[in-house]
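> Here is a sequence with its predicted model. Questions after.
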Amino acid sequence: MTNPKCPICFGLGLVCENHPGRAWSEVSGCQCGAGMLYKCNHNDSYVEPDRSGVLLESMATPPAEH
């Protein structure tokens, strides 16, 4: 459940991935990055996924040659 009085996302529940202090909105925020959930949009059972291995795995695989 989002907080309609949230001063960061203005109740949208999403912020810009590149600028997490700005709502993910073309009108009242920023959309230069992907939208990501803001903390006011998380419920008590939400667990942030571990993404630490994603970047390391992609860096270990050499790019395919054409």
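Right, received. Where do you want to start?
> looking at it, residue 36 is touching residue 18, isn't it?
No: judged on C-beta atoms under 8 Å, residue 36 makes no contact with residue 18 at a distance of 9.6 Å. For the C-beta atoms, the positions are set from N, CA and C on the backbone; glycine is no exception.
> Now the common contact residues for the two.
By C-beta atoms under 8 Å, 6 or more residues apart in numbering, residue 36 and residue 18 have no common neighbours.
> hang on, residue 40 in a helix?
Yes: counting by DSSP: H, G, I helix; E, B strand; the rest coil, residue 40 is part of a helix.
> Which element, helix or strand, includes the residue nearest to it when sequence neighbours are not counted?
Spatially, and ignoring its direct neighbours in sequence, residue 40 is nearest to residue 3 (4.0 Å; C-beta to C-beta, 6 or more residues apart in numbering). Per DSSP states H and E: residue 3 is located in neither a helix nor a strand.
> Would you check how far apart residue 37 and residue 65 are?
Distance, residue 37 to residue 65, using C-beta to C-beta, to the nearest Å: 38 Å.
> So for those two, which sits in the more crowded spot?
residue 37 (15 against 4; other C-beta atoms under 10 Å).
> these two touch, right, residue 40 and residue 12?
No: applying C-beta under 8 Å as the test, residue 40 and residue 12 come out as separate, 9.5 Å apart.
> Give me the common contacts of those two.
residue 2.
> can you map out the strands along this protein?
For the chain, the strands defined by DSSP state E cover 14-16, 35-37.
> what sits up against the first one?
Residues lying outside strand 14-16 but in contact with it, judged by C-beta under 8 Å, 6+ apart, are 8-9, 21-24, 29-38, 41.
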